[in-house]
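generate coordinates for the sequence data below:
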Amino acid sequence: MQYDTIIIGGGSAGAVVAARLSEDAARSVLLLEAGSDYPDFDAMPADIKLGLGTGADFFNIEDRHNWLFSGKATDEAPPMDVPRGKVMGGTSAINGQVFLRAIPDDFDYWVSMGNDRWRYEDVLPYFRKLETDMDFQDDFHGSDGPIIAKRHRLEDLLTDQIAFYNACIEAGFPTNPDHNHPDATGVGPYALNNPNGIRWSTALGYINPARHRLNLTIRPNCAVQRVLFTDDSAGEKRAVGVEVESGGERFTVEANEIVLSAGAIGSPHLLMLSGIGDSAELEDVGIPVIHHLPGVGKNLRDHPAVHARWHCKPDFPVPPEGVGAQKVALRYTAEGSPLRNDMIKIMRFNSDERLLIMSVGIYLARSAGKMSIVSADPTVQPVLEYNYLSDPFDLARLRGGVRLAHRLAEHPELAQIIDSPDEPTYEQLESDDALDAWMRRTVATMHHISCTCKMGAASDPMAVVDQHGRVHGIAGLRVADASIMPDCPRANTNVTTMMIGERVADFIKDGE
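Residues are numbered from 1 along each chain as shown. Purely as a prediction, here's the structure:
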């Protein structure tokens, strides 16, 4: 059977694309997911079902639901775990359930890169369309979308989160009741997509309500090996199908259009395996070149973060992991930075070691990395080089953020919790060189890898797709996921990735 559309990956964007395209009963849609699928909510495993507020250890995801990637943060840092969801819902089914949108300034930059269909005014309707915001009903929020979001009330926060909030207020930062408001900055509870402690992934919000559609075929445990091409009448390469492995067997499926939604690692890797990428790199691993597109896998972006840690006082009752974690965030502009809201701080506990942890992250890091293919074998993982803190501006912002964290820790309410610093030490804080060395050793991902198939004009040699998600130089092939972002937005990437799924689905429906 030939489908109208094949979507590769049922994650944060792919599930959205599949659900929206299959609203048209005349369009046949095949959704291929490499991981497992759990249509029965009651039978869903706890690690992808339960999240914040349940007492579950939401960091402990079973290996079968995780691609288990590894990355290199810096030359000084040890190998870094890069978890990505290998299950229906993708990373939306294994993440921290933080529901933060990109800010309007992010889309101004996207437009400046040749993507004038991605203005904030263009994408706001899609942010509204995808959400049911339980706290705000106004022109900036949705009330009947597939993903449910809610904030914790200040009066319900635990002692440590209230202490962090008050420390930020007394340091001069404004209160921020809604981090998803376009003008938001400062400190306040942020939205979470976990109603009643349930991880409200795209599997629950988008796929489950669409399963009954006769024109939507869902196939889990299907690993796409490569995209197949032919020459069309104009002499252009056209994607016509995919080669799939499932249960030890290989087969091909054909479609009028292929949409890659395999994520910021999976989509560029699949393009390379299919012969699309830097021709020299492909030839080095024995992959026949279909189309030279040097930007594939380049421009790897993320939010680098370090984690300042303090020992808690012996008499302080440290809450269990997953109960008191990550409910309040401080978003602010680094001193001397021209980039609005380019820093974030959150606080949580490590209950096993009785540590209070303040994470300090950079938005819009200037340092960029790359993803490289090392084998024509699809089961061999690509190399991820993040190249964190290679730019002096990133070092300066993160250094200032760590020192601000220690000033906040001196607030009387936090001082009642904290016994002594674990790392960085007072000695490291006093020296720029010592603090920089500590940061280079300990910097790690905030799990927002993106931008490895960036969208932009055809005149940009490093752009992989146009602003409609169509791969430059290839007919019948699109990418719709976090990889097409030109830069990593000033927010957790999950909601913006869902929005990309909504936007590209409409482009496809409208024939754009």
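
strands along the stretch 151-300 of the chain, start to end?
Secondary structure of the stretch 151-300 of the chain, counting by DSSP state E, counting those that start in this stretch: strands at 186-189, 216-219, 223-231, 237-246, 249-260, 276-277, 291-292.

in TSV: the ones you listed, plus distance to residue 196.
The way it works is simple: take the backbone N, C-alpha and C, and place the C-beta from them, glycine included. Compiled in TSV, the strands of the stretch 151-300 of the chain are given as follows (distance: least, Cβ to Cβ, whole Å):
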stretch	distance to residue 196
strand 186-189	17
strand 216-219	26
strand 223-231	34
strand 237-246	35
strand 249-260	32
strand 276-277	43
strand 291-292	48
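
tell me which of those strands is the most buried.
With neighbours defined by mean count of other Cβ atoms under 10 Å, none of these is more surrounded on average than strand 276-277, at a mean of 29.

ok, residues contacting that strand?
By Cβ atoms under 8 Å, 6 or more residues apart in numbering, the list of residues contacting strand 276-277 from outside reads 227, 268, 271, 290-294, 296-297, 373, 471, 474.

likewise stretch 156-171?
The set of residues that contact stretch 156-171 without belonging to it, under Cβ under 8 Å, 6+ apart, is 154, 175, 186-189, 319, 323-324, 327-328, 330, 345, 347, 349, 356, 358, 404, 407-409, 411, 413-414, 416-417.

low pLDDT regions in the stretch 301-450 of the chain?
Under the criterion of pLDDT under 70, the regions of the stretch 301-450 of the chain flagged as low confidence span 320-326.

for it, which segments count as strands?
With DSSP E, counting those that start in this stretch as the definition, the stretch 301-450 of the chain shows strands at residue ranges 304-312, 328-332, 343-350, 355-362, 370-372, 383-385, 418-423, 444-445.

quick check: which of these is nearest to residue 137?
Ranking the strands of the stretch 301-450 of the chain by distance to residue 137, with Cβ to Cβ as the measure, places strand 328-332 first at 22.2 Å.

the closest one vs strand 343-350, what angle?
In terms of direction (axes from the mean of the first three to the mean of the last three Cα atoms, to 10 degrees), strand 328-332 departs from strand 343-350 by 160 degrees.

please compute how far strand 328-332 lies from its chain's middle.
In terms of Cα atoms, centre = their mean, to the nearest Å, the centre of strand 328-332 is set 18 Å apart from its chain centre.

alpha carbons only: can I get that strand in PDB?
C-alpha atoms of strand 328-332 as PDB (Å, rounded to 0.1, in the frame of the first residue of the first chain):
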ATOM      1  CA  VAL A 328       9.700  27.800  40.600                       C
ATOM      2  CA  ALA A 329      12.000  29.300  38.000                       C
ATOM      3  CA  LEU A 330      14.000  32.600  37.800                       C
ATOM      4  CA  ARG A 331      14.400  33.900  34.200                       C
ATOM      5  CA  TYR A 332      16.500  37.100  33.900                       C
END
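
other SSEs contacting that strand?
Here strand 328-332 touches helix 159-170, strand 186-189, strand 343-350, going by 3 or more Cβ pairs under 8 Å, 6 or more residues apart in numbering; DSSP states H and E.

quick one: contacts of the shortest one?
This means strand 186-189. In this structure, residues lying in contact with strand 186-189 by Cβ under 8 Å, 6+ apart are 151-154, 157, 164-165, 168-169, 173-179, 327-332.

just the CA coordinates of that strand, formatted as CSV?
Backbone C-alpha positions of strand 186-189 (Å, rounded to 0.1, in the frame of the first residue of the first chain) are rendered in CSV as follows:
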residue,chain,number,x,y,z
GLY,A,186,11.5,37.3,36.9
VAL,A,187,10.6,34.6,39.4
GLY,A,188,7.5,32.4,39.8
PRO,A,189,6.0,29.0,39.4
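
returning to what we had before: closest to residue 40 among the contacts of strand 276-277?
Proximity of these to residue 40 was ranked by Cβ to Cβ; the top entry is residue 227 with 32.1 Å.
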